[in-house]
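>>> missing the sequence, but the structure's below:
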């Protein structure tokens, strides 16, 4: 079963790359990037091995713990877990779950990030070249770390997936996400205090890292890396203890994954709003009864009701809290200036949300094509809810951050930059989303599922949108920065005029270009989303 | 929608020597401007596979037209090209004399379309979805509201008007999609597999609605696998296989005294006599 699933995954991976030129380009670029990072890490590790083990150990333990943490956390909050081998597709086959699980775990390594991680964790063991016993321990640790990355991330997303499908538990999860953020404040404080004590002394930094690594090496995240570090120190008792932590974590993750998978396979996922009912026509009664108004009402309804949208909106109320904690952590007072990025970042995120809107519609987009909806109608309809809901929110955030930092004089510049970015990034999205589509989780699917072979196309499309937004926002950004740093209240007022002005210009041109592309290619766009099915 | 599957036809278009290298020519006869739907030399290739290889078809105004063919015959691809969902490689499609691919907006305004194999905006309620389709067509709020009520009643969906479409059964989903296709009172209706998964009572209600619509001068084009249904329901029929029209005309012309099903099998071929899966017969077989 393991061999079969690994072969299946390889075949799917290679077939995926053959599907389109862009996908191939994206994957080749991604692989090259991953390979260069791996090469750099291995070279760095060997170089690290030439220094004394007192430095190499802590660095590897802390770096490794961050890697494992990334595998666990990134799928939950950002990309989702690669769903090429979706366990639900094996439901009808008589495969014992134990063997299916082993196969899925092995298949999970067969992906660009999986292979890169495997190469990296194995390559980094070279850091211990001066102590053969530690190399052996490091190899054991590396295999354990890889298993922990794959199994841990699967276990976590499988457990959380059913939770995310209902709105209430998503809110609970959001609150749970606060806990590490709140802990981050005191941790940063402790760290900066220790740094402050021995700022002049390189040895103090090293001792600090060593202390930290000693603790982290005992945690599930750091245990695989702590084992060789302990062996190199000849502390065999510590090494054995950490090995036990590693094995216990693996067994626990495996068990959790097994139970969670059993549950989801027996009760397949249902639409999130099972049994829920709408009332009347909702937004369709509130927006004007025109085609554009109808598209806007539909988009607004989806923003609130479709977990794929509302999950990304849930981040927005978190932003001020995160930034406030970060500001507190870095000492309060001038540190609170971090709050100033709140409104512009929110504006950018809001505008960016619609940069792949047609792919989110999936084949329901056929209704727009069949009814002969024009590009103008479609583009403006999708842009309007962002502007209508975003303008007051962004303005509120700008006022909030000016108030919290006490920099009321910077408010005009901040407002100009934020509102300008909102309008501008909506304009860029309106243009981009009529041309570059990339696969996203289908309607009703868990927002955690990363469609197969989509990472390359996603990176290209998001890169284009991000770069275009940044370049176009540069004049406003420069103006706002100068106004705040000089400080020049006059330039602030100029920003308040120029920012939104430039934004509206980009919006009008972006919508016009997007509408023209849409009118030329609406059937082709539909065929594209059909190919994602 | 267009599934680039190999045609299950004994003479697939992509292997036909005469069609392999010959560029499709301009249609000899111009499209019929009086016809509800007039297709000339429609041609579509997906990669190596030619899904539709030169389809000519006239759907007379006021007819109830059935489109039948085996799986992968090119029915959906043909209908997608006729309704503006898929751009043909070559050929012309006109709706009541309006060229679909030259004057798209005007042509689409006369069409009601029920595509097969696409999702709906299923986070809307049934009433919202029908309203959305009406507003997209540029109708005013009062008319949309009135017709939405009528359609919900006709489709027997009044009790589920505020239920999200995602929670509808397959048959209810078909019905609400059909309602969305009807709301702007199109002159031509193109329905791809409209009766799939619809329960018998609802299917009979839908047939009544369609018959009344045709009696009032509308034109309906349906694709279907069910020969009996087409024979009973339709006035005209076209048999499509391997991307070609094998026969077309009134149902009586095409079937020529046989049942439509027998005639269809005769035209399309592919019946396997005798043989079968010997190992499947024995109930004692293991593994």
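Structure received. Just so you know, these numbers come straight off a predicted model, no measurement behind them.

>>> In the stretch 101-250 of chain A, what residue spans correspond to helices?
Using DSSP state H, counting those that start in this stretch, the helices found in the stretch 101-250 of chain A span residues A:112-124, A:132-164, A:167-197, A:202-216, A:223-232, A:236-266.

>>> looking at those helices, which is buried most?
Ranked by mean neighbour count, these are led by helix A:223-232 with a mean of 29 (mean count of other C-beta atoms under 10 Å in any protein chain shown). C-beta: built from backbone N, CA, C; applies to glycine.

>>> just how off-centre is that helix within its chain?
How far helix A:223-232 lies from its chain's middle: 30 Å, per C-alpha atoms, centre = their mean, to the nearest Å.

>>> do stretch A:42-56 as well
Its chain's C-alpha centre and that of stretch A:42-56 lie 31 Å apart, by C-alpha atoms, centre = their mean.

>>> contacting residues around it?
A:59-60, A:119-120, A:123-131, A:206, A:209-210, A:229, A:232-233 (C-beta atoms under 8 Å, 6 or more residues apart in numbering or on different chains).

>>> ok, of the helices of the stretch 101-250 of chain A, where does mean pLDDT dip lowest?
Ranked by mean pLDDT, those end with helix A:167-197 in last place, scoring a mean of 61.

>>> Look at whichever residue of the stretch 51-200 of chain A sits closest to chain B and give its secondary structure.
For the stretch 51-200 of chain A and chain B, the shortest gap (C-beta to the nearest C-beta) falls at residue A:94, measuring 11.3 Å. Secondary structure assignment for residue A:94 (DSSP: H, G, I helix; E, B strand; the rest coil): coil.

>>> so how far is residue B:194 from residue B:158?
20 Å (C-beta to C-beta, to the nearest Å).

>>> which of the two has more neighbours?
residue B:194 (23 against 13; other C-beta atoms under 10 Å in any protein chain shown).

>>> Point out where the stretch 401-533 of chain A drops to low pLDDT.
A:444-456, A:533 (pLDDT under 70).

>>> Show me the contact partners of stretch B:199-218.
Residues outside stretch B:199-218 that contact it (C-beta under 8 Å, 6+ apart) are B:61-64, B:154-156, B:171, B:175, B:178, B:182, B:186-189, B:194-195, B:198, B:220, B:222, B:233, B:235.

>>> and those, which of them are in strands?
Counted as lying in strands by DSSP state E, out of the contacts of stretch B:199-218, are B:64, B:188, B:189, B:220, B:222.

>>> May I see those arranged in CSV, with neighbour count as well?
Formatted as CSV, these follow (neighbours: other C-beta atoms under 10 Å in any protein chain shown):
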residue, neighbour count
B:64, 24
B:188, 23
B:189, 23
B:220, 25
B:222, 25
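
>>> which residue ranges form the strands in the stretch 101-250 of chain B?
In the stretch 101-250 of chain B, the segments counted as strands under DSSP state E, counting those that start in this stretch are B:111-114, B:188-192, B:219-224, B:236-241, B:244-250.

>>> Determine which of the ones you listed approaches chain A most closely.
Here strand B:111-114 is closest among those (C-beta to the nearest C-beta), at 4.2 Å.

>>> Name every strand pairing with the closest one and say which way it goes.
Strand B:111-114 has the following sheet partners, assigned by DSSP bridges: strand B:188-192 (parallel).

>>> what's the angle from the strand it pairs with to strand B:219-224?
Interaxial angle of strand B:188-192 relative to strand B:219-224 (axes from the mean of the first three to the mean of the last three C-alpha atoms, to 10 degrees): 10 degrees.

>>> with the ones in strands among the contacts of stretch B:199-218 in mind, which one is nearest to residue B:162?
Nearest to residue B:162 out of these is residue B:189 (C-beta to C-beta; 26.8 Å).

>>> Contacts only, for the closest one.
Counted by C-beta under 8 Å, 6+ apart, residue B:189 has contacts B:111, B:112, B:113, B:114, B:181, B:182, B:210, B:213, B:218, B:219, B:220, B:221.

>>> what's the answer for residue B:120, then?
Residue B:120 neighbours (C-beta under 8 Å, 6+ apart): A:364, A:367, B:129, B:165, B:173, B:176, B:177, B:180.

>>> hang on, isn't the third one packed against residue B:178?
No. The pair formed by residue B:129 and residue B:178 falls short of the contact definition of C-beta atoms under 8 Å, at 11.4 Å.

>>> between those two, who's got more neighbours?
Neighbours were counted for residue B:129 and for residue B:178 using other C-beta under 10 Å; residue B:129 has more, 27 against 23.

>>> any idea how far residue A:71 lies from residue A:120?
Using C-beta to C-beta, residue A:71 is found at 12 Å from residue A:120.

>>> and the one helix or strand residue B:45 maps to, what does it pack onto?
Element membership for residue B:45, per DSSP states H and E: strand B:37-46. Under the contact criterion of 3 or more C-beta pairs under 8 Å, 6 or more residues apart in numbering or on different chains; DSSP states H and E, strand B:37-46 touches strand B:49-59, helix B:75-82, strand B:90-95.

>>> okay, now the residue nearest to residue A:513 when sequence neighbours are not counted: neighbour count?
Nearest in space to residue A:513, with sequence neighbours left out and distances taken as C-beta to C-beta, 6 or more residues apart in numbering or on different chains, is residue A:431 at 4.8 Å. Neighbours of residue A:431 under the rule other C-beta under 10 Å: 25.

>>> for chain B, which residue is closest to the average position?
Taking C-alpha atoms, centre = their mean, the centroid of chain B lies closest to residue B:192, which sits 3.0 Å from it.

>>> That residue is in contact with residue B:79, isn't it?
Yes. Between residue B:192 and residue B:79 there is a contact at 5.3 Å, judged by C-beta under 8 Å.
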